[in-house]
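Peer 1: Got a sequence here, can you build the structure:
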Amino acid sequence: MALSIKPIGDRVVVEPAPAEEKTASGIYIPDTAKEKPSQGTIVAVGTGKPEEPLTVQVGDKVLYGKYAGTEITYEGKEYLIMREADIYAVL
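Peer 2: Numbers count the residues shown, from 1 in each chain. From the prediction side, this is the model:
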């Protein structure tokens, strides 16, 4: 999981989990109806603020807001850069 992006301050880089392909009952979801995932894995963390160190680390699976962060594409993969405050929980 080595990523050469180094976020600044209290920001983290999250790799979103893939969107659900089918429902629990086995019905396939079309691409137009898929919801944006709200969980992912942290792949890089910043240094934090001197008065507030970061509480998450690389490899943590997290839940975040539906529209949190900024979407980027790096080396063909989709990532989100967001502040640690946008993360709701560690799974």
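
Peer 1: and the residue most central in space within the chain, what are its bridge partners?
Peer 2: Centroid-nearest residue in the chain, with C-alpha atoms, centre = their mean: Val14, separated by 3.0 Å. Beta bridges link Val14 to Ile42, Leu80 when assigned by DSSP bridges.

Peer 1: I figured it was touching Val62, is that so?
Peer 2: Yes - in this structure, Val14 is within contact of Val62 by C-beta atoms under 8 Å, at 6.7 Å. No exception for glycine: its C-beta is placed from N, CA and C like everyone else's.

Peer 1: tell me, what's touching these two both at once?
Peer 2: Contact criterion C-beta atoms under 8 Å, 6 or more residues apart in numbering; residues shared by Val14 and Val62: 40-42.

Peer 1: okay if I get those as JSON lines plus pLDDT, neighbour count and distance to Lys49?
Peer 2: Below are the shared contacts of Val14 and Val62 laid out as JSON lines (pLDDT from 0 to 100; neighbours: other C-beta atoms under 10 Å; distance: C-beta to C-beta, whole Å):
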{"residue": "Gly40", "pLDDT": "94", "neighbour count": "24", "distance to Lys49": "23"}
{"residue": "Thr41", "pLDDT": "95", "neighbour count": "16", "distance to Lys49": "23"}
{"residue": "Ile42", "pLDDT": "95", "neighbour count": "22", "distance to Lys49": "17"}
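
Peer 1: what's the closest non-adjacent residue to Glu20?
Peer 2: Ile29 (6.2 Å; C-beta to C-beta, 6 or more residues apart in numbering).
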